[in-house]
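Asks: Structure for the following, please:
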Amino acid sequence: MPAPIPPALVVLLPGLFLLACSSSRSPAEPGARGDPSASRWPDAAGDIADPRLAALASDLWDEMLRDNPVFASKHGDERYLGQLEDVTPAGLADRRARLAALQQRAAGIDATALSAADRVSLGLLGDEVQRALILAGSGMETWLVDPRGAPQVGFFNLVIDQPSATLAQRQALEQRWSAMAGVVDATRGQLEAGLRAGRLGTHAAIAETVAQLDRILAQPCAEWPLGSPPLDASLSAAERDALLARLRATLETGLRPALQRYRALLADKLLPVARSDERPGLVSLEGGRELYNRLVWVHTGLPLDAQAVHEIGLQEVAAIRAQIAELGGRVFGTSDVTEIQRRLREDPALHFATRDEVEAAAADALARARAAIPRWFGRLPQADCVVVRIGAHEEQETTIAYYNEPAADGSQPGRYFINTWAPETRPRYEAQVLAFHESIPGHHLQIAIAQELTGLPRFRREGGPTAYVEGWALYTERLCDEMGLYSGDIDRLGMLSFDAWRACRLVVDTGLHAQGWSRQQAIDYLLANTLLAPNNVANEVDRYITTPGQALAYKIGQREIAALRAQAQQALGPRFDIRAFHDVVLGEGAVTLPVLRANVEAWIASAR
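Replies: This is a model prediction of the structure:
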């Protein structure tokens with residue numbers, strides 16, 4: 001999956017990702033709020049012809065940048081380089097009001113008067129704003145505690161891309177570091193309000209976050225990534241030492257005490273009264289069932305209810321279990337899924353021994369996929385993709401891998417972040433499918449190509465619906481078998497395990513949030529129906545609990561892309577061209593599944 005987004009960013013950026021972009025644009029005065037009406041992005045509207053829609057698309061992009069300064073600065077927009085998200089109640093209320101104003105403007109545009117291309121952009125813009133409004137009005141900020149998206153995780157990851165070449169950039173860096181304590185205190189204030197209202201986070205998530213904070217607070221600030229950021233090589237030794245000394249002093253007097261206060265709230269007040277792991281889902285909160293139904297639409301873009309998704313998941317799990325049994329019979333001489341699971345999970349030879357081995361396997365899979373894609377895709381991205389290890393500050397609680405986008409100007413490649421913590425728990429048989437999903441031909445291929453579609457408005461190039469983004473990456477996992485990229489049947493079992501994992505998500509996510517499943521019930525279901533390592537299973541269930549609905553996107557999106565391919569193959573017969581099909585799917589950026597279906601069916605009609 002793309003990089004986890006801190007909760008403050010999720011409010012405005014459903015389906016968007018933190019992009020690692022830099023630019024030669026002139027920096028604004030450090031810390032200046034910037035003038036949102038003076039866009040630094042002349043291409044924000046792309047090739048939209050209608051002037052009202054073009055202005056709206058440009059304004060939406062600027063609102064995204066304004067409300068998410070980290071997102072903006074990773075795009076090279078330095079108007080907000082010294083700032084962080086405003087997560088106070090007043091800031092969130094203002095954000096909701098501006099989103100509602102954008103929605104009203106979109107409703108005032110007559111779609112029938114637009115060109116076909118502009119009608120698509122108007123519809124996608126409306127969906128983007130609606131998703132953002134649902135999340136902005138969810139109230140989740142008053143109870144959500146998530147070790148994968150806690151403030152310190154997002155802060156510590158900032159050091160990768162924070163520029164420091166110019167005096168203005170260094171001043172903005174210091175201002176942003178100084179602002180971190182306020183964000184943590186505002187986050188704490190939201191949770192205190194939730195506590196007073198009886199809206200509480202889950203026990204496992206709070207306990208994991210406390211443990212994470214304990215490890216961070218046990219270190220001196222100089223050992224934090226924030227205390228030793230990679231500064232620009234142009235700085236003299238004296239300048240570097242002076243800047244580092246100021247940053248560490250800021251952390252010692254600002255962020256460290258704020259994290260201590262945050263930790264005290266979590267450990268002393270929230271953990272004793274946290275929602276039980278017996279009922280950690282949204283269904284246990286007042287209004288939670290209705291919120292979950294809205295989140296199903298946010299992440300799938302389809303009019304599905306939780307029960308329908310649950311049933312789809314059960315059918316998919318049964319079908320994939322049969323495939324695991326058949327392939328396991330060839331590999332191990334037994335079709336008993338439980339025995340296949342035992343052999344894969346308990347054989348030390350099928351697990352890594354060192355961190356270096358985990359990283360090397362990821363790099364090898366990426367290299368082989370890079371060499372193979374010209375035979376399967378007509379359109380290829382210019383940006384490259386590299387393997388990077390996940391940092392020590394988040395590796396124990398985060399997912400097994402994630403992806404960060406390339407810089408639009410080519411100064412930074414796409415990055416496939418791989419988790420090398422506890423390598424003996426990392427299965428070798430999952431390494432290839434994981435790499436293909438996160439890098440090539442999965443996330444990197446799709447996202448880097450979208451960034452390079454210069455005719456699209458920026459909001460379409462730089463984000464999009466979760467079901468498309470994750471559905472594409474899951475689709476490529478089985479595609480890689482057709483491409484001959486798996487080394488053998490053991491690796492194909494990993495492919496089936498990952499497919500079963502995403503099918504199980506439909507069952508587990510709806511089970512937790514709509515049917516009242518316990519955390520252990522969800523863990524047991526994943527253990528019984530996938531080949532995943534137990535430590536990954538527990539982390540995944542905790543992720544579903546804290547990001548309700550997001551896990552549904554993968555399988556729903558994959559099913560639609562696979563169905564459209566089958567439809568095209570049947571309609572076109574020998575004229576079907578897999579490279580052309582993939583170019584159609586990837587050629588308009590990340591779109592909703594209904595728009596994708598319209599695009600593919602139009603291509604089928606023209607190809608006939």
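Asks: What are the boundaries of the strands in this protein?
Replies: Ranges of strands within the chain are 385-389, 401-404, 414-418, based on DSSP state E.
Asks: what would these look like in JSON lines with mean pLDDT?
Replies: What follows is the strands of the chain, written out as JSON lines (pLDDT from 0 to 100):
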{"stretch": "strand 385-389", "mean pLDDT": "95"}
{"stretch": "strand 401-404", "mean pLDDT": "90"}
{"stretch": "strand 414-418", "mean pLDDT": "94"}
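Asks: my guess is residue 172 contacts residue 79, does it?
Replies: No - Residue 172 is not in contact with residue 79 according to Cβ atoms under 8 Å; the separation is 10.1 Å. Bear in mind the C-beta positions are built from the backbone N, C-alpha and C, glycine included.
Asks: re earlier: now, of the strands of the chain, which is deepest in the fold?
Replies: Across the strands of the chain, averaging neighbours per residue (mean count of other Cβ atoms under 10 Å) puts strand 414-418 on top, at a mean of 24.
Asks: Put the alpha carbons of that strand into PDB.
Replies: The C-alpha trace of strand 414-418 is given here as PDB (Å, rounded to 0.1, in the frame of the first residue of the first chain):
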ATOM      1  CA  GLY A 414       9.600   6.100  -6.200                       C
ATOM      2  CA  ARG A 415      10.500   4.300  -3.000                       C
ATOM      3  CA  TYR A 416       9.400   0.800  -1.900                       C
ATOM      4  CA  PHE A 417       9.800   0.800   1.900                       C
ATOM      5  CA  ILE A 418      10.300  -2.700   3.200                       C
END
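Asks: Identify the residues contacting residue 57.
Replies: Residue 57 makes contact with 44, 45, 46, 48, 121, 125, 457, 458, 459, according to Cβ atoms under 8 Å, 6 or more residues apart in numbering.
Asks: what's the spacing between the first one and residue 200?
Replies: Right, the one you point to is residue 44. In this view, residue 44 and residue 200 are 41 Å apart by Cβ to Cβ, to the nearest Å.
Asks: circling back to that earlier point, which stretch among the strands of the chain comes nearest residue 471?
Replies: Smallest distance to residue 471 across the strands of the chain (Cβ to Cβ): 15.0 Å, for strand 401-404.
Asks: how about the strands of the chain in CSV, adding distance to residue 269?
Replies: Formatted as CSV, those follow (distance: least, Cβ to Cβ, whole Å):
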stretch, distance to residue 269
strand 385-389, 35
strand 401-404, 31
strand 414-418, 33
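Asks: Have a look at residue 172 and residue 79 and say which one is more surrounded.
Replies: Neighbour count, other Cβ atoms under 10 Å: between residue 172 and residue 79, residue 172 has more, with 27 against 24.
Asks: Now the longest helix seen in the chain: average pLDDT?
Replies: Longest helix of the chain, by residue count under DSSP state H: helix 167-196. The average pLDDT within helix 167-196 is 97.
Asks: Report the buried residues of it.
Replies: Within helix 167-196, the residues that qualify as buried are 168-191, 194-195, counting by 16 or more other Cβ atoms under 10 Å.
Asks: same deal with stretch 483-490?
Replies: Residues of stretch 483-490 classed as buried: 483, 485, 486, 490 (neighbour count, 16+ other Cβ under 10 Å).
Asks: Repeat that for stretch 525-533.
Replies: Across stretch 525-533, burial judged by 16+ other Cβ under 10 Å covers 525, 526, 527, 529, 530, 531, 532, 533.
Asks: export those residues to CSV and tack on pLDDT and distance to residue 138?
Replies: Listed next are those as CSV, based on pLDDT from 0 to 100; distance: Cβ to Cβ, whole Å:
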residue, pLDDT, distance to residue 138
525, 97, 26
526, 96, 26
527, 95, 30
529, 94, 30
530, 92, 29
531, 89, 34
532, 86, 29
533, 83, 32
